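**Student:** can't give you the sequence, but here's the structure:
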């Protein structure tokens with residue numbers, strides 16, 4: 001009987017890991033993306049491109065013949081001629097690895113948005129905007145800190161702003177901490193423990209483990225995507241399960257050590273499962289804040 005229980009527990013612990021492997025094999029995950037929001041956009045025809053620093057031969061053509069035929073050759077030429085020394089347009093000139101993007105942009109309320117993405121998206125880039133009347137806007141270099149992010153460019157002042165990833169990390173911490181407190185708090189009562197006597201131990205354990213989860217799994221998700229986060233989640237959650245169970249076994253009061261141990265294992269496994277299946281939604285939330 002004991003061996004059977006151990007086998008079932010091992011399978012349950014390994015289940016998220018196997019799911020992540022299956023997911024990774026079926027879907028290669030989200031790719032690099034940068035959204036450029038324009039406030040006070042030009043009221044005339046313009047093109048906007050990302051500039052990168054050429055460091056390789058054999059560029060990939062990022063505009064096909066159909067796209068090129070629909071664009072203004074004069075404005076395309078200006079994207080190349082207005083690029084400062086050491087920089088080249090990513091869409092109009094090409095990149096070592098393929099990428100896609102939108103030189104024209106599309107309206108979003110009073111603003112406009114340009115979306116660039118895929119594996120060839122440069123980590124360090126500048127934004128170059130040229131208009132039909134001859135106006136040019138060139139930003140300072142920006143470094144993408146996360147996998148999918150955004151910047152906002154005010155076309156009147158030339159001011160460029162970028163959200164801080166720390167905000168998304170803080171929101172992800174709260175978005176996992178609060179449901180975990182609810183789930184594990186209900187289980188604490190269901191196992192017969194007094195919340196009044198154990199709230200300090202309960203809160204401390206969850207604060208420490210959720211901080212560790214945010215600095216490992218959530219940070220990995222920001223920089224590498226949800227597939228990488230799923231893979232690293234297994235060892236992190238396993239370590240949290242062991243540490244938190246030992247902590248509860250030592251410091252919870254009012255029940256036997258066996259019940260404390262059972263609560264720690266049960267609470268962590270349920271929270272682990274909830275976190276595993278909600279990781280995709282959490283990734284979308286974090287990306288919306290970047």
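**Tutor:** Arrived safely. None of these values were measured; they are calculated from a predicted model. Residues are numbered from 1 along each chain as shown.

**Student:** Break down the stretch 101-250 of the chain into its helices, ranges please.
**Tutor:** 165-190, 195-213, 219-224, 226-251 (DSSP state H, counting those that start in this stretch).

**Student:** Would you reformat these as JSON lines and include mean neighbour count, mean pLDDT and distance to residue 257?
**Tutor:** Bear in mind the C-beta positions are built from the backbone N, C-alpha and C, glycine included. Shown next, in JSON lines, are those (neighbours: other Cβ atoms under 10 Å; pLDDT from 0 to 100; distance: least, Cβ to Cβ, whole Å):
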{"stretch": "helix 165-190", "mean neighbour count": "16", "mean pLDDT": "95", "distance to residue 257": "16"}
{"stretch": "helix 195-213", "mean neighbour count": "15", "mean pLDDT": "95", "distance to residue 257": "14"}
{"stretch": "helix 219-224", "mean neighbour count": "20", "mean pLDDT": "92", "distance to residue 257": "35"}
{"stretch": "helix 226-251", "mean neighbour count": "18", "mean pLDDT": "93", "distance to residue 257": "6"}
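
**Student:** Next up, the contacts around residue 80.
**Tutor:** 88-89, 92-93 (Cβ atoms under 8 Å, 6 or more residues apart in numbering).

**Student:** redo that, cut-off 7 Å
**Tutor:** Contact partners of residue 80, counting by Cβ atoms under 7 Å, 6 or more residues apart in numbering, are 89, 92-93.

**Student:** Return the distance of the spatially most central residue of the chain relative to residue 113.
**Tutor:** For the chain, the residue nearest the mean C-alpha position is residue 222 (2.9 Å; Cα atoms, centre = their mean). For residue 222, the distance to residue 113 equals 21 Å [Cβ to Cβ, to the nearest Å].

**Student:** List only those of the contacts of residue 80 flagged as buried.
**Tutor:** Among the contacts of residue 80, the ones that count as buried by 16 or more other Cβ atoms under 10 Å are 89, 92-93.

**Student:** Tell me the strands beside whatever helix or strand residue 35 lives in, with direction?
**Tutor:** Applying DSSP states H and E as the criterion places residue 35 in strand 33-39. Using DSSP bridges, the strands paired with strand 33-39 are strand 111-117 (antiparallel), strand 148-154 (parallel).

**Student:** Do me a favour and average the pLDDT over it.
**Tutor:** Averaging pLDDT along strand 33-39 gives 96.

**Student:** Note down every partner strand of the helix or strand that that strand is followed by and its orientation.
**Tutor:** Counting by DSSP H and E, the element after strand 33-39 in chain order, helix or strand, is strand 46-52. Here strand 46-52 is paired, per DSSP bridges, with strand 88-89 (antiparallel), strand 124-131 (antiparallel).

**Student:** distance between the longest one and the chain's centre?
**Tutor:** Strand 124-131 has its average C-alpha position 24 Å from the chain's average C-alpha position, going by Cα atoms, centre = their mean, to the nearest Å.

**Student:** Since that was my last question, I'll sign off now.
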